[in-house]
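Peer 1: Predicted coordinates and the sequence they were generated for:
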Amino acid sequence: ISRQTLSVVIVTFKSDQVIHECIQSISDQIKIVIVDNSNDKKFKENIEKKYKNVECILSPENLGMGSGNNLGLKYVKTDYAIILNPDVTLSENTIQEIIESSKEIESFAILAPLSTDIKYPNYKIKKKTNNIDLNRPFKVESVDGYAMVLNLKKINKIESFKDHNYFDENFFMYLENDDLCMRLNQSKENIFIVPKSKIKHLGASAVDQ
C-alpha cells in the first residue's frame, strides 16, 4: 500500500457537521470518493470546491451503507480502498502505519486501524486473550465497518466477489461489515488490526440533528 495506491470511500447522509473534520484528517494526496445518500447538490458543490482531492457522487435515494459503499467503490481506480464513516477522524500517523504494516503482512484481505475507545473495541476475535501484542498487527475474526482498508486486488480474485459487490445490499445498515468479514473468513482470507494505526469514532454522529 502507498498513498498512490490508496483511495477513501465515505458514505454520507446529512453529515455536513462532521465530514470536514474527517476529510481534513486525511492526506490531500489521497483520492476521496463521497457517496451522498441525501442527494444534496449544494453539499456536492461546496465539498468539491473546498477539497481538490474529493469527488462527490449523489445518490437519488438513500441506499444505506452497504449499497452506498459498493457505489463508491465503483469509482475507485486504486488497488486498496479505505471505507470510512463520516464521523471518523484519523490520527496523524494512521495512514503511514497502515502502509508500513501492509509490507510486513504476507497476505491480507482487510487491514483496520484501532479505535481509541478501549471500552468499545472495533474488532472481534474468536477467543478472548490477554496475549495481544499492541506493537504489531494481529489477526481478528471481523472488524467494524466504520474504518477498514479493503485489499481490492486480492478480494477481486475470489469467485464470490467477481461481481464487485463487496457488501451485501440486502443489509441497509449495521450488519454489512459482519457479512463481508464472514465471507472472507470462509474464503480463508486474513483480517488484521493494525494497533499502531489509530482512529477516533464519534459514534451515532454521522447524521446532522
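Peer 2: Cool, the structure landed. Numbering: from 1, shown residues only.
Peer 1: May I have the strands that pair with the top strand by length along the chain, each with its orientation?
Peer 2: Secondary structure of the chain per DSSP state E: the longest strand is strand 191-201. According to DSSP bridges, strand 191-201 forms sheet pairs with strand 88-90 (antiparallel), strand 110-115 (parallel), strand 138-139 (antiparallel).
Peer 1: Among those, which comes closest to Phe13?
Peer 2: With CB to CB, the closest approach to Phe13 among the strands paired with strand 191-201 belongs to strand 88-90: 14.8 Å. Every residue, glycine included, has its C-beta placed from N, CA and C.
Peer 1: which element follows the closest one toward the C-terminus?
Peer 2: Using DSSP states H and E, the next helix or strand after strand 88-90 towards the C-terminus is helix 94-104.
Peer 1: In that next one, which of the residues would be classed as buried?
Peer 2: Residues 94-95, 97-99, 101-102 are the ones in helix 94-104 that count as buried (16 or more other CB atoms under 10 Å).
Peer 1: Same check on stretch 131-146?
Peer 2: For stretch 131-146, the neighbour count (16+ other CB under 10 Å) marks 137-138, 140, 142-146 as buried.
Peer 1: now do stretch 7-25
Peer 2: Within stretch 7-25, the residues that count as buried by 16+ other CB under 10 Å are 7-16, 18-19, 22-23, 25.
Peer 1: Kindly report the same for stretch 118-125.
Peer 2: For stretch 118-125, the neighbour count (16+ other CB under 10 Å) marks 122-123 as buried.
Peer 1: Could you give the number of residues near the residue nearest to Ala147 when sequence neighbours are not counted?
Peer 2: Using CB to CB, 6 or more residues apart in numbering and skipping residues adjacent in sequence, the residue nearest Ala147 is Ile199, 4.9 Å away. Neighbour count for Ile199, taken as other CB atoms under 10 Å: 23.
Peer 1: before we move on, what about Ile1?
Peer 2: Ile1: 20 surrounding residues under other CB under 10 Å.
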